[in-house]
Structure formats: structure tokens, C-alpha cells
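quick one, what's the 3D model for this:
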Amino acid sequence: MIALYLGLFKWLLACAGSALAGLLAWALLAGAARLRPALLSRRVVWLAAHGVVAVAALLPFLPRGERIGIAPPLTLSAAESSAMRATPAIMAGGADGEDAAQPLSLALLMPPLWMLVYAAGLAVVLARLLRARRIWRGLLAAARPLSAQALLEHGAFNARQLADIARRGLTVMETDAAISPMLVGAWRPLLLLPRHLRGFGAEQQQMIVAHELYHWRRHDPLCLGLAAALQTLFWFNPALPWMRRQLEWALELSCDQHVLAGRPQRERKQYAAALLMQWKTQAASLPVAGVAFGGIDGTTVAARVRQMQQASLPALGRATAALLALSMIGILAAGFMLQPALALDAGPQPVVATSAPAVVAPSAWRYPLEKMRVTGFFGVHRDILATPHKGIDLGAAKGTPVLAAADGVVLSAGAFAENNGRYGNTVVIDHGGQQSLYAHLDSVAVKAGQRVAAGQTIGAVGETGFATGPHLHLEARRDGRVFDPATKLAGLDAYATRRAVRVRRQQLSAGI
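A predicted model of the protein is given here:
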């Protein structure tokens, strides 16, 4: 159950991260486009914007180093973990006793509630796509494929285009429906032409077909298909529809300019007239998953006609492109650094059933940190030392209070000579035949001979001695020999990082 909740929570973070990244990219690009209109006609800009949203959604699932990130670790309390294990029974109405009494906190309710909302929204979006697909399947079923001879006689294709179509196997179909010439499909698109196109002039037909074939050669339908898939998956992200419209606009402008490059003003006017004729002829605009020659509305058509009067698209300076790329990278870097580390990342394991670390049995110890995050287990071999690990490592920020694991008497406090001083500042407490050792402390708050109670602050987390970063090294000793602290601290696996569990599992399976 814990693994399921962690997966749901990561998906919640992924959705939130993609939405935030999309909004930031939206604000960035909308402002930049006002200053540099050349951005509007660059396909790579809008593909990069979609990529930022997609990568931002993957950040919660990426492996994380122990010292990467500025957000505090995100952990569930023991009470929340206990309630989590009881959730299925509670929801089913079959729980009783102590587990049934555990309240479902907001942290537990948010992931499943969001999953229900997400599933409902996704179902609505998929239903719309299925309706559109049925419309297009019906349209294609009524269309007629054009043979090589029919294409030759059509008049809209020159010899080079016919050779390219034959070599690459593009299917061309004709329909009586008053639609715009377009490519249908993403991976292997086909060219769908309306029959009324034959009523256009020969030059107009050839330029329209050249427009669509340029889309085809540049794989524009695949770009739009990926954008549509991303918009479907993250249907709640308000930035994605805007980005997709900008991408479609950039594709149309670049194809228009390719067709008109080097052509005289007379042919430019013919091309603009063809666009206006198509807009007037097109009686209805069906939802498509492809690229259409015709404009969606009069405003779009007028803007494209104005752009056709320009000799070329506005240039995008290198400095602008570099600044934009750095800004996109900055959005992703900030998202990665702000991702909280999830302490419960090792799958369903037993968890201490109290809201704060406490003694769970007469022989057990309480946790030495209020927020536990196990980064290294007892007995594992590490690259930095040849000997097996003599304790457990608990990742925490420098200055985090360290608590006594049980009642006892302080045997040593401060610099520790054992092991050539590698332990740094250390506190050793005797608990009556057993001792606990707390190493690499930044400071100590007790002195030798002092009696301490379980949960009392004895120092602060640091990185003194031989340490690669701030953490607490905890050892358990009996008769001068170390033993696994996990035998005294219940439920450590539930607070372990994925890496710590993986390393221990690999070494156990290898017999190390």
C-alpha cells in the first residue's frame, strides 16, 4: 500500500510540476514573442516548450542523489503510515480497533482524490478523441485513393513531387467533402485532397500541394501528433493548448514561406487568393490530427495573407535563441532542485505506529531524528571504505537536532579518538550493557557522566571527521562489538531511500 501511495504521490507531483513548468514557459514565451516576433514562426521554439512540460513531468521519477535539491525531504509520519496501511479496510467499512481509529490526513487523501479527478478528465478527453476518430474514419471510408495515373492527370503535381510520392509511398486520397487539403495521421500520414480543389487554377493547385508535401517531408504531422498526445495526457495543463496553437501557426508560416520563396509577386497573389477561396469554400472545420492548408477563421487567414507579402520570415538572433534556451533549462533546473525527496521509497514495509518516534517495546530504541531518512544500512560495502558499514547513516541537514535513542549515561562527548578520529564529534551513551554511538556531529549538547533521557537532544547533525556530507552515523554496540541498529529501531526500511535499499538488496543477493 505504501508503494502504491508513493506512486500516486509522485504522479501528483508530476502533474503539478508539468502545469507549473507550462505556465512559466507560457509567460516566458508570450513576453519574448512580443519583443521578438520571429519566435512565432520557429517550430523548434514551440517543440522545446512542449519538451519542457514533458521533462518536468518526469522529474519526480528520476533518481536523486543524497545531496541534490533544496526542498526539504517529504516524509509521512508514523501515524499517517499506519493510517495508510488501514485505508483499504477503512474505505471498505471493514476495519475496527486501533487502525480504524487512525484519521485519513490530507496528505493521504490528496493522491487518490487527484487520481479520481484525473481519470475522469482523461475519460472525457479520450471520448472526444474517439468521436473525432469516428468522424475521420467515416470521411476516409468515403474518400477515393488516387492511383499513379490519376495523380499524373490531376494537374496539381509536378514530376519531382510524383517521383517523391512514389518513392516514399505517400497515399493520396480525394473526397467530395468541403474540407481543406491536409495530411491525416501522425506516424504514416496520408494526403487528403477535396475534389473542389480541381476548380482552382493550375498554379494555385501546385502551390497548395507543395505546401502539404513540405509538411510531409518535415514530419510536421508527427510533431503535432506528439503535441496532441501530451495535451491529452496532461489535459489539465492550460499552457498546452496555447503551445499547440503556436506550433500549428509556426508550421503554417514556415510552409507558406517555403512555397513562396523566390516566386514573383504575381504568384504570391495567386497563393493568397487560393487561401481565401479555400476559406470561403470550406463549409465546416472538422477536428483533425493533421496539418491543414486552410485557415481556421478569418483572423488567421488575414494574418497569413499579410505574412505572405513579406519576402522572408523575420530572423531570430543567436543571442535571443541562446537566452531562450538558457531560460528553458533554468525552468527545468529549478523544477528538479525543488522536487522534495520522498523518504518512503522502498515499497510496503512495517512502520512504527506512532505519530512521533518513541519506544515501541521495552528493548527497543526510539528514533534519533524527528524525520528519518536512511541513506545507508548496516553491513553494506562502500567504495570509500574497504570494511563493511558498522552502523546506519541518516541523511539530514546540518544543525538538525540529534536525540538520545534511550535512557542512559553519556560515556563520551566531543572529539573521538577511535578509528583515527574518523568519527569526528561523537556522543556515546551506555544503556545498561548496550551502547549507542552518534558520529559526525556538528556540536554536542551533553558531557561525559551526564544522565540523559530518551528523546533528549544530545547534539546536532554535522559532517565532522570522515564524512562526505552532513548526516548522522549511528552505531549500536554490545560487549565491544557492533550489531545492526535495525534490531533496536523498528521499521527502518520504510524510511530508506531507494538507493540504500537497492545497494543492500544487490549485496545480499550477491552474497557479499
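
any weak-confidence spans in the stretch 401-512 of the chain?
For the stretch 401-512 of the chain, applying pLDDT under 70 flags the ranges 507-512.

ditto for the stretch 51-200 of the chain
Counting by pLDDT under 70, the stretch 51-200 of the chain shows low-confidence ranges at 63-108.

try it again at 90.
Across the stretch 51-200 of the chain, residues meeting the criterion (pLDDT under 90) sit at 59-112, 132-133, 135-136, 139, 153-156, 158-159, 177-182, 185-187, 196-197, 199-200.

got the CA coordinates for stretch 309-328 in PDB?
Output in PDB follows, covering the C-alpha atoms of stretch 309-328 (Å, rounded to 0.1, in the frame of the first residue of the first chain):
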ATOM      1  CA  GLN A 309       3.600  39.800 -48.500                       C
ATOM      2  CA  GLN A 310       7.000  39.500 -46.700                       C
ATOM      3  CA  ALA A 311      10.000  38.300 -48.600                       C
ATOM      4  CA  SER A 312      11.000  36.000 -45.800                       C
ATOM      5  CA  LEU A 313      10.400  35.200 -42.100                       C
ATOM      6  CA  PRO A 314      12.000  37.600 -39.500                       C
ATOM      7  CA  ALA A 315      15.400  36.500 -38.400                       C
ATOM      8  CA  LEU A 316      16.000  35.100 -34.900                       C
ATOM      9  CA  GLY A 317      19.300  36.300 -33.500                       C
ATOM     10  CA  ARG A 318      21.700  33.900 -31.800                       C
ATOM     11  CA  ALA A 319      21.700  35.900 -28.600                       C
ATOM     12  CA  THR A 320      17.900  35.600 -28.400                       C
ATOM     13  CA  ALA A 321      18.000  31.900 -29.100                       C
ATOM     14  CA  ALA A 322      20.700  31.300 -26.500                       C
ATOM     15  CA  LEU A 323      18.900  33.400 -23.900                       C
ATOM     16  CA  LEU A 324      15.700  31.500 -24.600                       C
ATOM     17  CA  ALA A 325      17.400  28.100 -24.400                       C
ATOM     18  CA  LEU A 326      19.000  29.100 -21.000                       C
ATOM     19  CA  SER A 327      15.700  30.200 -19.700                       C
ATOM     20  CA  MET A 328      14.100  26.800 -20.600                       C
END
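
now do the phi/psi pair for residue 144.
Geometry field for residue 144 lists phi and psi as phi -110, psi 130, criterion degrees, to the nearest 10.

which SSE is residue 323 in?
In this structure, residue 323 is located in helix 318-337 according to DSSP states H and E.

that helix - contacts with which helices or strands?
With contacts defined as 3 or more CB pairs under 8 Å, 6 or more residues apart in numbering; DSSP states H and E, the packing partners of helix 318-337 are helix 2-35, helix 43-58. For the C-beta atoms, the positions are set from N, CA and C on the backbone; glycine is no exception.

mean pLDDT for those: which is lowest?
When these are compared by mean pLDDT, helix 2-35 comes last with a mean of 86.

for it, buried residues please.
Residues of helix 2-35 classed as buried under the neighbour-count rule (16 or more other CB atoms under 10 Å) are 2, 5-6, 8-22, 24-26, 28-29, 32.

next one: stretch 256-267
By neighbour count, with 16+ other CB under 10 Å as the criterion, the buried positions of stretch 256-267 are 256-260, 267.

same check on stretch 443-456?
Within stretch 443-456, the residues that qualify as buried are 444-446, 452, 454-456, counting by 16+ other CB under 10 Å.

between the helices and strands packed on helix 318-337, which one is closest to residue 482.
helix 2-35 (29.3 Å; CB to CB).

what's that closest one packed up against?
Counting contacts by 3+ CB pairs under 8 Å, 6+ apart, helix 2-35 packs against helix 43-58, helix 78-92, helix 106-142, helix 239-260, helix 318-337.

direction included, what does the very next helix or strand once past the third one pair up with?
The first helix or strand that comes after helix 106-142 along the chain, using DSSP H and E, is strand 144-145. Neighbouring strands of strand 144-145 in its sheet, by DSSP bridges, are strand 172-175 (antiparallel).

which residues are contacting the strand it pairs with?
The contact list for strand 172-175, computed with CB atoms under 8 Å, 6 or more residues apart in numbering, reads 139-140, 142-146, 151, 165, 190-195.

let me know the closest of those to residue 280.
For residue 280, the closest of these turns out to be residue 194, at 12.9 Å, with distances computed as CB to CB.

the closest residue to the closest one other than its chain neighbours: what secondary structure?
Once its chain neighbours are removed from consideration, residue 194 has its nearest residue in residue 179; the separation is 5.3 Å (CB to CB, 6 or more residues apart in numbering). Secondary structure of residue 179, reduced to three states by DSSP: H, G, I helix; E, B strand; the rest coil: coil.

how near is residue 179 to residue 136?
Residue 179 is 10 Å from residue 136, where distance means CB to CB, to the nearest Å.

more neighbours: which of these two?
Neighbour totals were compared for residue 179 and residue 136, and residue 179 leads with 24 against 18 (other CB atoms under 10 Å).

surely that one meets residue 196?
No. Residue 179 lies out of contact with residue 196 (CB atoms under 8 Å); the separation is 9.3 Å.

check what pLDDT the nearest residue to residue 121 once chain neighbours are set aside gets.
What sits nearest to residue 121 in space, not counting adjacent residues and going by CB to CB, 6+ apart, is residue 235, at 5.2 Å. According to the model's per-residue confidence, residue 235 sits at a pLDDT of 96.

where does residue 235 fall, phi/psi-wise?
Backbone torsions for residue 235, taken as degrees, to the nearest 10, come to phi -60, psi -20.

ok, how many other residues are close to it?
16.

would you mind measuring from it to residue 307?
Looking at residue 235 against residue 307, where the rule is CB to CB, the gap reads 31 Å.

picking up where we left off before, now flag whichever of the buried residues of stretch 256-267 is closest to residue 249.
Set against residue 249, the nearest of these by CB to CB is residue 256 (10.7 Å).

ok, now which ones touch the closest one?
211, 271, 304, 307-308.

to residue 410, which of the helices and strands packed on helix 318-337 lies closest?
Of all the helices and strands packed on helix 318-337, the one in closest proximity to residue 410, counting by CB to CB, is helix 2-35 (36.1 Å).

which residue is most remote from the mean position of this structure?
The outermost residue of the chain, judged against the average C-alpha position, is residue 449 (52.8 Å), by CA atoms, centre = their mean.

can you tell me the closest non-neighbouring residue to that residue?
Ranked by CB to CB, 6+ apart and with sequence neighbours excluded, the top spatial neighbour of residue 449 is residue 410, at 6.5 Å.

and the one you found, what element?
Following DSSP H and E, one finds residue 410 within strand 408-415.

try residue 459
For residue 459, the enclosing helix or strand under DSSP H and E is strand 457-461.

that strand pairs with which strands, and in what direction?
Strand pairing for strand 457-461, using DSSP bridges, gives strand 401-403 (antiparallel), strand 434-444 (antiparallel).

name the residues of that strand that are buried.
With burial defined by 16+ other CB under 10 Å, the residues of strand 457-461 counted as buried are 458-461.
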